[in-house]
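**Q** Would you be able to build a 3D model of this:
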Amino acid sequence: MDSHSFLASGSQQNKRYNLVKNNTFIPKSYGDNGSTESVIEDKYLRNCALKSAQQGDYKQAIALLSQLICRHPQNAVDYNNRGLIYFQSGETQKALCDYNTALKINPNLASAYNNRANYYAACGELAAALADYDQALDFNPRHVRAWINRGITLRDLGQYEEAIENFEIALLFNQLEGHIWAERGRTYHLWGDWNCAIADYHRALTQLPTLHSSQDVSGYRLRLQLENWLNELLSPQNPD
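**A** Below you'll find the predicted structure:
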């Protein structure tokens, strides 16, 4: 089951919502009967890897996850997490390799499908991305980020109505509302429904963090992007 995560940065055109989960870095079981000391060390390494990734120290995060993979070569989530860090650091082919390995070990790992779909989307392979988002949602219909990402991809394809439907489904789960309203607003914006776009942008602004109110860097970046979108709509230079 997917849980708390932070959002990857990137250009808005290719930005997708990736998944590095606290409870993925610290799974409840490791598929072995290791000692208590070993389990504690694994938890410590995963915590350090997550902290390093959040601080942008991708080299250290990758080193820690590689150490974990050596300790647990059949742990799919470690490959998935390392793949995401590779992706964030620009080593996209290594990311794809890790996602594929994770899915070979665990073909039901929804977060790995979501992350691999984001790779495909960033490469412009939108049909392949949609196929992987569909797989993620087949295995976890409550995967909010996959619904958002699928909506963004449909929007990139110009399928605005279908994109809106995906964002509305995502809203049913009461998570990431600010992000969803922002992306739905952008879809209305591009579709030409400026009243709905402005309404969604304002809703999103009530949820997205300000610079001094949160450590959610990605949420704050989205807020800045949203303010630019809103200015586009309200600008006097905008044609009627």
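**Q** Count the residues that sit near Y133.
**A** 31 (other C-beta atoms under 10 Å). Every C-beta, even on glycine, is put in place using the N, C-alpha and C of the backbone.
**Q** what does E41 give?
**A** When counting by other C-beta under 10 Å, one arrives at 15 neighbours for E41.
**Q** Doesn't it belong to a strand?
**A** No. Assignment of E41 by DSSP: H, G, I helix; E, B strand; the rest coil gives helix, placing it outside any strand.
**Q** Now do the same contact list for it.
**A** By C-beta atoms under 8 Å, 6 or more residues apart in numbering, the contact list for E41 is empty.
**Q** roughly how far apart are it and L50?
**A** Relative to L50, E41 is positioned 15 Å away (C-beta to C-beta, to the nearest Å).
**Q** Over to R150?
**A** 26 Å.
**Q** ok, now W229?
**A** Per C-beta to C-beta, W229 is found 31 Å from L50.
**Q** Between these two, which has more neighbouring residues?
**A** L50 (23 against 20).
**Q** Give the helix, strand or coil label for the more buried one.
**A** Assignment for L50 (three-state DSSP): helix.
**Q** can you offset everything so residue one is 51?
**A** Right, with 51 as the first residue, what we last looked at is L100.
**Q** Just the pLDDT for it.
**A** pLDDT for L100: 91.
**Q** Next: T74.
**A** If you check T74, the pLDDT there is 44.
**Q** likewise T86?
**A** Turning to T86, the model gives it a pLDDT of 86.
**Q** That one and E277, how far apart?
**A** Counting by C-beta to C-beta - T86 and E277 are separated by 50 Å.
**Q** For the two, indicate the residue with more neighbours.
**A** E277 (13 against 7).
**Q** For Y169, pull up the helix or strand it's in.
**A** If you go by DSSP states H and E, Y169 is part of helix 160-172.
**Q** Find out how far the next helix or strand along the chain from that helix is from the centre of the chain, if you would.
**A** Per DSSP H and E, the first helix or strand lying C-terminal to helix 160-172 is helix 176-189. Put simply, helix 176-189 sits 14 Å off its chain's centre (C-alpha atoms, centre = their mean, to the nearest Å).
**Q** do the same with stretch 116-125
**A** The chain centroid and the centroid of stretch 116-125 are separated by 23 Å, computed with C-alpha atoms, centre = their mean.
**Q** Ok, stretch 244-261 next?
**A** Taking C-alpha atoms, centre = their mean, one finds stretch 244-261 lying 20 Å from the centre of the chain it belongs to.
**Q** Now do the buried residues in that stretch.
**A** Buried residues in stretch 244-261, defined by neighbour count with 16 or more other C-beta atoms under 10 Å: C246, A247, I248, D250, Y251, R253, A254, L255, L258, P259.
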